[in-house]
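S.K.: no letters, just coordinates:
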């Protein structure tokens, strides 16, 4: 079974290598890295839709510097139970839920019905970077759930 951390690490290494090759104007190396990236994307897709979704959430978590996957304002999952099951399958033991949509309470209730436990409120890095702050993100409040 693939792991989110290993796939993320591979992605991060490819991105760093590509950035370096781009600065050096090494077009052949860039093409090799693009091919490796496409291979990685295909391997992730082959794991199924749930895994592909999780790797996107995991990559976003890492990009923002958060400790847990966050389901944010862009939360669009209609099947909370299936989402939680994929968390269990791939070893996600906690997540945050920072959606401010009017239906957020209903989703939080469905997470609880799927066996998750609300552990409290936490502060996380939101989706928006602060202008001119070099990778610093807005702070946002979120529910912390244990899967």
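M.R.: Here it is on my side, so go on. Quick caveat, the model's predicted, so the values are computed rather than measured. Residues are numbered from 1 along each chain as shown.
S.K.: beta-bridge partners for the nearest residue in space to residue 117 that is not next to it in sequence, please?
M.R.: Once flanking residues are discounted, residue 117 sits nearest to residue 146: 4.7 Å by C-beta to C-beta, 6 or more residues apart in numbering. From N, CA and C alone the C-beta is placed, and that goes for glycine too. Under DSSP bridges, the beta-bridge partners of residue 146 are residue 94, residue 117.
S.K.: list the contacts for residue 146?
M.R.: Counting by C-beta atoms under 8 Å, 6 or more residues apart in numbering, residue 146 makes contact with 93, 94, 116, 117, 119.
S.K.: among those residues, which ones are buried?
M.R.: Buried members of these, counted by 16 or more other C-beta atoms under 10 Å: 94, 116.
S.K.: dump the contacts of residue 146 to TSV, plus distance to residue 128 and pLDDT.
M.R.: Formatted as TSV, the contacts of residue 146 follow (distance: C-beta to C-beta, whole Å; pLDDT from 0 to 100):
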residue	distance to residue 128	pLDDT
93	27	97
94	23	98
116	26	97
117	29	97
119	25	98
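S.K.: mind putting the contacts of residue 146 into a markdown table with distance to residue 19?
M.R.: Formatted as a markdown table, those follow (distance: C-beta to C-beta, whole Å):
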| residue | distance to residue 19 |
| --- | --- |
| 93 | 32 |
| 94 | 31 |
| 116 | 38 |
| 117 | 41 |
| 119 | 38 |
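S.K.: what about the strands in this structure?
M.R.: Taking DSSP state E as the criterion, the chain carries its strands at 69-71, 94-97, 117-129, 137-146.
S.K.: what's the first one packed up against?
M.R.: Read it as strand 69-71. The contact analysis (3 or more C-beta pairs under 8 Å, 6 or more residues apart in numbering; DSSP states H and E) places strand 69-71 against helix 49-64, strand 94-97.
S.K.: right, and the ones you listed - which one's nearest residue 82?
M.R.: helix 49-64 (7.2 Å; C-beta to C-beta).
S.K.: the closest one versus strand 117-129: what angle between them?
M.R.: Angle of helix 49-64 versus strand 117-129, following axes from the mean of the first three to the mean of the last three C-alpha atoms, to 10 degrees, is 60 degrees.
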